[in-house]
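Student: 3D, please:
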Amino acid sequence: MKKREPVSNIMTENVFTVDIGTNLKEVKGLINHQKIRHVPVVKGKQLVGIISKTDINRLSFSGLFEDQNDADEAIFEMLNLSQVMTHKPTVVKSTDSIKEVAEIFSTSEFHALPVVNKDDPTKLEGIVTTTDVIRYMLSQY
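Tutor: This is a model prediction of the structure:
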């Protein structure tokens with residue numbers, strides 16, 4: 001197994017992002033349409049947060065009760081992205097090792113980390129997920 005392989009080798013580089021002003025209905029549509037679970041939130045080009053499919057699902061009643069789409073619409077209109085997202089998420093640098101990323105995942109409750117530029121921690125370069133790390137580990141066997 002390689003000891004210092006950088007996370008940049010396994011991260012997703014072409015990341016879907018949303019602007020801080022995007023409404024929650026659009027965020028939900030992006031997550032569902034693109035079949036993704038985590039979306040970095042940016043203000044201009046600066047990383048300011050992350051939102052997950054789980055965050056969106058916590059706001060939804062339609063999965064629990066029939067005919068609750070109207071309630072979901074009301075909630076998505078009452079709240080804004082900034083109220084639901086994780087602010088100042090834990091990030092890793094593109095030069096950090098996959099081992100370091102695996103250690104973070106093993107001691108935390110989240111499943112995705114924004115990957116930022118080694119010199120500018122607000123510049124998003126990609127995203128790495130627990131699935132990426134597991135696939136990498138499996139490829140070593």
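Student: so who does the residue nearest in space to the middle of the chain touch?
Tutor: For the chain, the residue whose C-alpha lies nearest the mean C-alpha position (Cα atoms, centre = their mean) is His38; its distance is 2.9 Å. By Cβ atoms under 8 Å, 6 or more residues apart in numbering, His38 lies in contact with 50-53, 111-112, 127, 129. (Glycine included, C-beta is placed from N, CA and C.)
Student: of all those, which two lie farthest apart?
Tutor: Ile51 and Thr129 (14.3 Å; Cβ to Cβ).
Student: residue ranges for the helices of the chain, please.
Tutor: 24-34, 53-57, 69-78, 81-84, 98-106, 130-139 (DSSP state H).
Student: Return the list of helices and strands in contact with the fourth one.
Tutor: If I follow you right, that is helix 81-84. helix 24-34, strand 46-52 (3 or more Cβ pairs under 8 Å, 6 or more residues apart in numbering; DSSP states H and E).
Student: Can you point out the buried residues in it?
Tutor: 81, 84 (16 or more other Cβ atoms under 10 Å).
Student: And the average pLDDT for it is what?
Tutor: Per-region confidence: helix 81-84 scores 94 on mean pLDDT.
Student: same question, the last one
Tutor: Averaged over helix 130-139, pLDDT sits at 94.
Student: Now that helix - C-alpha only, PDB.
Tutor: What follows is helix 130-139 as a C-alpha-only set of coordinates in PDB (Å, rounded to 0.1, in the frame of the first residue of the first chain):
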ATOM      1  CA  THR A 130     -16.000   7.900   2.200                       C
ATOM      2  CA  THR A 131     -16.800   5.900  -1.000                       C
ATOM      3  CA  ASP A 132     -13.700   7.300  -2.700                       C
ATOM      4  CA  VAL A 133     -11.600   6.200   0.200                       C
ATOM      5  CA  ILE A 134     -13.200   2.700   0.400                       C
ATOM      6  CA  ARG A 135     -12.700   2.200  -3.400                       C
ATOM      7  CA  TYR A 136      -9.100   3.200  -3.000                       C
ATOM      8  CA  MET A 137      -8.500   0.800  -0.200                       C
ATOM      9  CA  LEU A 138     -10.200  -2.000  -2.100                       C
ATOM     10  CA  SER A 139      -8.000  -1.400  -5.100                       C
END
